[in-house]
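> What follows is a predicted protein model with its sequence.
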Amino acid sequence: MQGFILEVKKARNEDCIVSVLTPEKVKTLYRFYGARHPIVTAGYKIDFEAEYDSLQFMPKLRNITHLGFPWLSDPERMRVWQSFVTLLYRHLKDVDLPGPFYFETLERSAAVWHRQNPKRSAVEAYLRLLQHEGRLHLPDTCFACGKELQERTALVRAFLPAHPRCVIAGTLETSALRSAMESLSTIELEDDAVETMWLTMCEGL
């Protein structure tokens, strides 16, 4: 079975509780400490087995194999990846059966993470997530006052658009933002606009 590690939480001694996103569900597994065990870290993709024992309160994480990507040794790309995965974990924390979309999103993003600024990949993945969940709001009207947006749009959590005067948030050129939301691509956005969207993402998905 394959999955992405979303969170690693310390338990007693050196044991830990690991949340793993698989194509079917988010699995919560118990990993016993051992000197020869592979390191488990949030963001890693692994092949593993879940061992069920009627005497244990949760299945054990066994036979772990890391499935690598070419960018794992790049500290900056890894930092952004782990931040993105942590955001996704918080988003899915109370969902047992999220469906295959979220696993496929991580697979798609991991495959191209080394090709461009990783924050662009994260923003594009989030745009697809918002579209999938029916929460992608084009920059037409301000969510706060309901009036039409002008040349610049402020973005708040969940990429809700607003007038810069109605909220305290980073702003983007409205036409470029609309293009990004319609195409689910950041290709027409400048780096500072991508940074603004990334910082907005970091407030929560």
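That came through, no problem.
> make it CA atoms for all contacts and neighbour counts henceforth
Will do.
> averaged over its residues, what pLDDT does stretch 181-195 have?
Averaged across stretch 181-195, pLDDT comes to 96.
> who's in contact with it?
By Cα atoms under 8 Å, 6 or more residues apart in numbering, the surrounding residues in contact with stretch 181-195 are 119-120, 123-124, 127-128, 136, 138, 171-172, 176-177, 179-180.
> Identify those among the residues you listed that sit within strands.
Members of the contacts of stretch 181-195 lying in strands (criterion: DSSP state E): 171-172.
> got TSV for the contacts of stretch 181-195, with distance to E148 and neighbour count too?
TSV is the format used below for those (distance: Cα to Cα, whole Å; neighbours: other Cα atoms under 10 Å):
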residue	distance to E148	neighbour count
K119	29	21
R120	27	21
V123	25	23
E124	25	22
L127	22	23
R128	24	20
L136	17	19
L138	12	16
T171	15	19
L172	15	23
A176	16	19
L177	15	25
S179	17	17
A180	19	19
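> Go through the contacts of stretch 181-195 and name the one nearest E24.
Comparing the contacts of stretch 181-195 against E24 with Cα to Cα places R128 closest, at 19.0 Å.
> for the closest one, what are its contacts?
So R128 contacts L184 (Cα under 8 Å, 6+ apart).
> Give me the buried positions along the lengthiest helix in the chain.
In terms of residue count, the longest helix belonging to the chain (DSSP state H) is helix 75-92. Buried residues in helix 75-92, counted by 16 or more other Cα atoms under 10 Å: 77-78, 80-89, 92.
> So which residues make contact with that helix?
For helix 75-92, contacts defined as Cα under 8 Å, 6+ apart pick out 6-7, 42-43, 71-72, 98, 113-114, 118-119, 122, 202, 204-205.
> now, among the contacts of stretch 181-195, which is nearest to A158?
Nearest member of the contacts of stretch 181-195 to A158, counting by Cα to Cα, is L136, at 8.0 Å.
> rewinding a little: could you pick out the buried ones from the contacts of helix 75-92?
6-7, 42-43, 71-72, 98, 113-114, 118-119, 122, 205.
> For F159, state which of those residues is nearest.
Checking these against F159 by Cα to Cα gives L205 as the nearest, at 8.9 Å.
> Give me the distance between Q131 and M181.
According to Cα to Cα, to the nearest Å, Q131 stands 9 Å off from M181.
> again, but for V8
Per Cα to Cα, V8 is found 33 Å from M181.
> How is this structure divided into domains?
The chain is divided into the following domains under automatic domain parsing: 1-114, 116-205.
> Over the first one, what's the mean pLDDT, rounded is fine.
Read that as domain 1-114. Averaged across domain 1-114, pLDDT comes to 90.
> Let's see the distance spanning it from one end to the other.
Taking Cα to Cα, domain 1-114 runs 25 Å from one end to the other.
> same deal with the shortest one?
As for domain 116-205, its first-to-last residue distance stands at 22 Å under the measure Cα to Cα.
> Stretch 150-163 too?
This stretch, stretch 150-163, spans 8 Å end to end (Cα to Cα).
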